[in-house]
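**Student:** Quick one, structure for this:
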Amino acid sequence: MDDGSVEFKEAAAAEAWTTPLEALNPAQADLFAADAFWPVFDRLRKEAPVHFTPESEYGPYWSISKYNDIMAVDTNHQVFSSADGIVLQTLEAKAEADKRPRGNSFIAMDPPGHDVQRKTVSPAVAPANLAAMAPLIRERAAAILDGLPIGEEFDWVDLVSKELTAMTLATLFDYPQARRRELTFWSDMFTNAPGHGPAKSWEHKREQADACFAAFDELWAERVNAPPRFDLVSMLAHGAETRDSDPVDYHSNVVLLIIGGNDTTRNTISGSVYALNKNPGEYQKLRDNPALISSMVSETIRWQTPLAHMARTAMADFELGGKTIRAGDRVCMWYVSGNRDDDIIADPYAYKIDRERPRTHLSFGFGIHRCVGNRLAELQLTIIWEEILKRFPEIVLTQEPTRTHSVFVKGYETLPVVIPRRN
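**Tutor:** Here you go, the predicted structure:
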């Protein structure tokens, strides 16, 4: 059966509502790849907003599915620690990870270590630097769009979403632009399980991780012996709290910054084209009133939710929603579910680009780990749509996308479109 078929979705929905609650497991990559996971969270929000899955390929874990409960966990780093990792990791992946020295990126740290490391790189995405980057992003967006084929089907993910985000990420690292797609490739290697995306095997993933770290070790050696510059590698190499970092900690921060700078923006750029095609009335609103771009960007970030979850580990027993989360338990905050919570967001499944409070969403997280690059993501999305509306009356989806096989990255592998020729 085609996992994207109506039949598959109907079967998945039936299973979501009939499976005994104690056996319900929302962390199923097959469901995410088929966009068939929504009924699971509809049920959890209704019947078990704080839910325990005792057995899964990720081990036992709690699911937090409602907006306010997610906020309660996300903003309480004293109880809910990031130190054991911020995503659900399969038992197989954990076993592989245990074979290598483990580093700590700042997102997988608690204060005070988190605070000083985050502060080291945050100037790269501060308002003044974003204002300085905006003309370059616009120039690149224009060049990408002007190079697209007209009247022929092409993959929007490859030619636009990946390309713009890779260019921006290469600039942030001062990585050679001619090699920018290496960053995209490595991001996909880090986030995909073997057999999905570009990852062929665990050995292949290890080989490519080593290739990535070797490239960034060269950049470190170059930048640490040069005057400080305004790129992420130089900031880490010269930062008072990071210049003496263990190499594995530096590598962990590189992985975090590559994934963070790639996946969120890339998948929301793709998601905006998909959402507008599925909601032609909203697309017409946007064409009629380009002043709605900013609101549309925030609504797309909510509607898409490019990272489906973040995970924490409880450091002490904690009562939430009438349940006791025990010290040591893994806790998964399902942002993708919180963004569909109708107690907080009216008509949450609807895509409304003129929504009254479009920034009411969980997609960037909250508390100390709120996405450091959230404004950069919004800036890229805003600019690409300003440039699209100048050029193309319409971008037409020609067939359904293929989606990422992941319970973490909620994205698109391909998005076939055509830009119609003008008569």
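**Student:** how near is Ile259 to Pro306?
**Tutor:** 11 Å (CB to CB, to the nearest Å). From N, CA and C alone the C-beta is placed, and that goes for glycine too.
**Student:** do the same with Gly195
**Tutor:** On the measure of CB to CB, Gly195 and Pro306 end up 22 Å apart.
**Student:** who's more crowded, those two?
**Tutor:** Pro306 (26 against 9; other CB atoms under 10 Å).
**Student:** element containing the closest residue to that one other than its chain neighbours?
**Tutor:** Setting aside the residues directly before and after it, Pro306 is nearest to Asn267 in space (CB to CB, 6 or more residues apart in numbering), at 4.1 Å. Taking DSSP states H and E as the criterion, Asn267 maps to helix 247-278.
**Student:** in this protein, which helix or strand is least confident?
**Tutor:** helix 113-121 (a mean of 57; mean pLDDT, DSSP states H and E).
**Student:** Quick check: next helix or strand after that one?
**Tutor:** Assigned by DSSP H and E, the successor of helix 113-121 is helix 127-146.
**Student:** Which strands and helices lie in contact with the helix or strand that that next one is followed by?
**Tutor:** Counting by DSSP H and E, the element after helix 127-146 in chain order, helix or strand, is strand 154-155. In terms of contacts (3 or more CB pairs under 8 Å, 6 or more residues apart in numbering; DSSP states H and E), strand 154-155 is packed against strand 416-418.
**Student:** For the stretch 51-200 of the chain, which segments count as helices?
**Tutor:** Counting by DSSP state H, counting those that start in this stretch, the stretch 51-200 of the chain has helices at residues 67-74, 91-97, 113-121, 127-146, 156, 162-173, 181-191.
**Student:** burial measure for Ala414, as a count.
**Tutor:** To be clear, residue 414 is Thr; Ala isn't right here. Taking other CB under 10 Å as the criterion, the count of residues near Thr414 is 15.
**Student:** so who does it touch?
**Tutor:** Neighbouring residues of Thr414 by CB atoms under 8 Å, 6 or more residues apart in numbering: 155, 157-158, 401-402.
**Student:** mind listing the helices for the stretch 201-350 of the chain?
**Tutor:** Secondary structure of the stretch 201-350 of the chain by DSSP H, counting those that start in this stretch: the helices cover 202-224, 232-238, 247-278, 280-288, 293-304, 335-338.
**Student:** now the third one and helix 127-146, what's the angle there?
**Tutor:** Okay, so that is helix 247-278. Helix 247-278 runs at 50 degrees relative to helix 127-146, counting by axes from the mean of the first three to the mean of the last three CA atoms, to 10 degrees.
**Student:** Sort out which residues of helix 247-278 are buried, please.
**Tutor:** 249-277 (16 or more other CB atoms under 10 Å).
**Student:** just to revisit the earlier point, now render the helices of the stretch 51-200 of the chain as CSV, adding distance to Gln284.
**Tutor:** Supplementary listing: the helices of the stretch 51-200 of the chain in CSV, determined by distance: least, CB to CB, whole Å:
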stretch, distance to Gln284
helix 67-74, 30
helix 91-97, 44
helix 113-121, 41
helix 127-146, 20
helix 156, 20
helix 162-173, 25
helix 181-191, 33
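**Student:** hang on, the earlier thing: okay if I get the contacts of Thr414 as CSV plus pLDDT, neighbour count and distance to Phe408?
**Tutor:** Converted to CSV, those look like this (pLDDT from 0 to 100; neighbours: other CB atoms under 10 Å; distance: CB to CB, whole Å):
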residue, pLDDT, neighbour count, distance to Phe408
Asp155, 98, 18, 22
Val157, 97, 23, 18
Asp158, 97, 14, 21
Pro401, 97, 22, 18
Thr402, 96, 16, 17
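**Student:** so which of those comes closest to Asp341?
**Tutor:** Within those, proximity to Asp341 (CB to CB) peaks at Pro401, which comes in at 25.1 Å.
**Student:** pretty sure that closest one is touching Asn277, no?
**Tutor:** No: assessed by CB atoms under 8 Å, Pro401 is found out of contact with Asn277, at 10.2 Å.
**Student:** so Pro247 makes contact with Asp217?
**Tutor:** Yes: using CB under 8 Å, Pro247 makes contact with Asp217 at a distance of 7.1 Å.
**Student:** Give me the pLDDT value at Asp98.
**Tutor:** pLDDT, Asp98: 80.
**Student:** Distance check, Asn68 against Ser270.
**Tutor:** From Asn68 over to Ser270 the distance is 30 Å, taken as CB to CB.
**Student:** again with Ala27
**Tutor:** For Ala27 relative to Ser270 (CB to CB), the value is 23 Å.
**Student:** what's the answer for Asp354, then?
**Tutor:** Asp354 is 22 Å from Ser270, by CB to CB.
**Student:** and Pro227, how many neighbours does it have?
**Tutor:** 7.
**Student:** for it, phi and psi?
**Tutor:** Dihedral pair for Pro227: phi -60, psi 150, per degrees, to the nearest 10.
**Student:** ok, back up a step: let me have the helices of the stretch 51-200 of the chain in JSON lines, extended by distance to Ala209 and mean neighbour count.
**Tutor:** JSON lines is the format used below for the helices of the stretch 51-200 of the chain (distance: least, CB to CB, whole Å; neighbours: other CB atoms under 10 Å):
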{"stretch": "helix 67-74", "distance to Ala209": "28", "mean neighbour count": "21"}
{"stretch": "helix 91-97", "distance to Ala209": "11", "mean neighbour count": "13"}
{"stretch": "helix 113-121", "distance to Ala209": "20", "mean neighbour count": "18"}
{"stretch": "helix 127-146", "distance to Ala209": "28", "mean neighbour count": "15"}
{"stretch": "helix 156", "distance to Ala209": "28", "mean neighbour count": "24"}
{"stretch": "helix 162-173", "distance to Ala209": "17", "mean neighbour count": "23"}
{"stretch": "helix 181-191", "distance to Ala209": "7", "mean neighbour count": "22"}
